[in-house]
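S.K.: Okay, here's the prediction I keep looking at, along with the sequence it came from:
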Amino acid sequence: MSASAPEPLESEVPPLQGVEAVVLVGGKGTRLRPLTLSAPKPMLPTAGVPFLTHLLSRIRAAGITHVVLGTSYKAEVFQEYFGDGTRLGLELEYVVEDVPLDTAGAIRNVADRLREDDVMVFNGDILSGVDLRSVLRTHREAEADVTLHLVKVDDPRRFGCVPTDEDGRVTAFLEKTENPPTDQINAGCYVFRRETLEAIPAGRPVSVERETFPGLLAEGKRLQGYVDASYWLDLGTPAAFVQGSADLVRGVAPSSALPGATGEAIVLDGATVHAEAILAGGATIGAGCVVAAGSTVDGSVLFDGAVVGEGAIVQRTVLGAGARVEAGAVVRDAVIGDGAVVGARCELVGGARVWPGVRLPDGGIRFSPDA
């Protein structure tokens, strides 16, 4: 991750009145290891900047200026990078979660920093193109206690489902099932009335989906759904992380925080890419990286200082800071930890993960997961 400060936004949007934001960034990101051994998931370089930068830029573009970050794992990294938020046109505050409190518990944990009547809450690992102003408008027009962004997915069996009635009112929260009654799922963005948020029990773990939302329904509270088909992706796995970064680079996913123009690749300052190398598929080449002649980097993310040797092929892969893929190696759908080395003519496929500092030997050896 580059240590440089975030660039200021190019345009200013008049602040929305009566609303602020909470972003939950306390998770350990275990599904993304070894990448998250050195940085929290929302701080991983995504299309050239920490992922959280993209989310914060969207929040500011909607006119929300006061944002509270609910942190836990490596909490100091967020404040060191973003500071008070001035350069993004925001006022940022930080609340550290000392013990795991689950989603609703983490939301309740920041309540003493809130000021407005409406609070927009975001999971810090979701990449989305939803119109935030429209979500807020729906919440207010429905006079809802909570409004949930819901997205339609092709295979809802992998998720809990959230059916709504003809007026858009949420009727239930259903666990994963082989025969889901709806294709609508919880998209990880909510608007709470502050009084509803403050009613969440304090000081203990509470789940929004298993306790808070079902409890509100049982009490007869109004939970409104805002359903759309906008871009949406949970970046919780290596494959999704790579896809999300590539979609940002190619302009498929929206962001005003890209450090360059959309296209086949973004190359950060200080990187060296040989004229005979091929960059494609929304690749990101970090600062200080070297991409040698005859190599291909396709739909991949290279953290700062990574090296791709002559004739190597890197596809749908993350190379950690200072990692090396040596001449003639082929790496597909893999995660290469910081400082790790893939030897010349090696082949990595099928979700292989190389842990920081490991060196795989030269010689045409084929590796599968957990090298």
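M.R.: That came through fine. Here the structure is a predicted model, which means the values were calculated and not measured.

S.K.: ok, A61 - how many residues close by?
M.R.: A61 has 19 neighbouring residues, counting by other Cβ atoms under 10 Å. C-beta here means a position set from N, CA and C on the backbone, and glycine is covered the same way.

S.K.: Please read the previous query as pertaining to E219.
M.R.: For E219, the neighbour count with other Cβ under 10 Å is 9.

S.K.: How about R115?
M.R.: Residues within reach of R115, counting by other Cβ under 10 Å, total 10.

S.K.: quick one: contacts for it?
M.R.: With contacts defined as Cβ atoms under 8 Å, 6 or more residues apart in numbering, R115 is in contact with E20, H66.

S.K.: tell me what the one helix or strand G70 maps to is packed against?
M.R.: With elements taken from DSSP states H and E, the one containing G70 is strand 66-71. Applying 3 or more Cβ pairs under 8 Å, 6 or more residues apart in numbering; DSSP states H and E, one finds that strand 66-71 contacts strand 19-24, strand 91-96, helix 102-109.

S.K.: ranking these by burial, who's on top?
M.R.: The highest mean neighbour count among the helices and strands packed on strand 66-71 belongs to strand 19-24 (a mean of 25), with neighbours defined as mean count of other Cβ atoms under 10 Å.

S.K.: strands paired with the helix or strand just after it, and their directions?
M.R.: If you walk from strand 19-24 toward the C-terminus, the next helix or strand you reach (DSSP H and E) is strand 45-46. On the basis of DSSP bridges, the sheet neighbours of strand 45-46 come out as strand 49-50 (antiparallel).

S.K.: same question for the strand it pairs with, mean pLDDT?
M.R.: Strand 49-50 shows an average pLDDT of 93 in the prediction.

S.K.: on that earlier part again, pull up the pairing partners for the strand holding G70, direction included.
M.R.: Strand pairing for strand 66-71, using DSSP bridges, gives strand 19-24 (parallel), strand 91-96 (parallel).

S.K.: quick one: V290 and E310 touch, right?
M.R.: No. In terms of Cβ atoms under 8 Å, V290 does not count as a neighbour of E310; the distance is 10.6 Å.

S.K.: ranges for the helices of this structure?
M.R.: For the chain, the helices defined by DSSP state H occupy 51-61, 76-82, 102-109, 132-142, 194-198, 213-218, 238-250.

S.K.: Can you give the domain ranges for this structure?
M.R.: If the domains of the chain are taken from automatic domain parsing, they occupy 19-239, 264-367, with pieces of a single domain joined by a plus sign.

S.K.: Need these in CSV (columns: distance to S256).
M.R.: Output for the domains of the chain, formatted as CSV (distance: least, Cβ to Cβ, whole Å):
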stretch, distance to S256
domain 19-239, 5
domain 264-367, 14
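
S.K.: most neighbours per residue, which of those domains?
M.R.: When you average the neighbours per residue for each of these (mean count of other Cβ under 10 Å), domain 264-367 leads with a mean of 21.

S.K.: so how far is it off the chain centroid?
M.R.: Shown here is domain 264-367, whose average C-alpha point lies 22 Å from the average C-alpha point of the whole chain (Cα atoms, centre = their mean, to the nearest Å).

S.K.: so for it, what's the average pLDDT?
M.R.: Looking at domain 264-367 alone, the average pLDDT works out to 93.

S.K.: on that earlier part again, let me see the mean pLDDT of the strand holding G70.
M.R.: The average pLDDT within strand 66-71 is 92.

S.K.: From here on, call the first residue 501.
M.R.: Noted, 501 is the first residue going forward, which turns the last one into strand 566-571.

S.K.: how far out from the middle of the chain is it?
M.R.: In this view, strand 566-571 has its centroid 15 Å away from the chain centroid, taken as Cα atoms, centre = their mean.

S.K.: follow-up on the earlier one: rebuild the helices and strands packed on strand 566-571 as CSV, extending it with mean pLDDT and distance to A729.
M.R.: Shown next, in CSV, are the helices and strands packed on strand 566-571 (pLDDT from 0 to 100; distance: least, Cβ to Cβ, whole Å):
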stretch, mean pLDDT, distance to A729
strand 519-524, 95, 23
strand 591-596, 92, 31
helix 602-609, 91, 24
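
S.K.: any chance of those in TSV, plus distance to D665?
M.R.: TSV is the format used below for these (distance: least, Cβ to Cβ, whole Å):
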stretch	distance to D665
strand 519-524	26
strand 591-596	36
helix 602-609	24
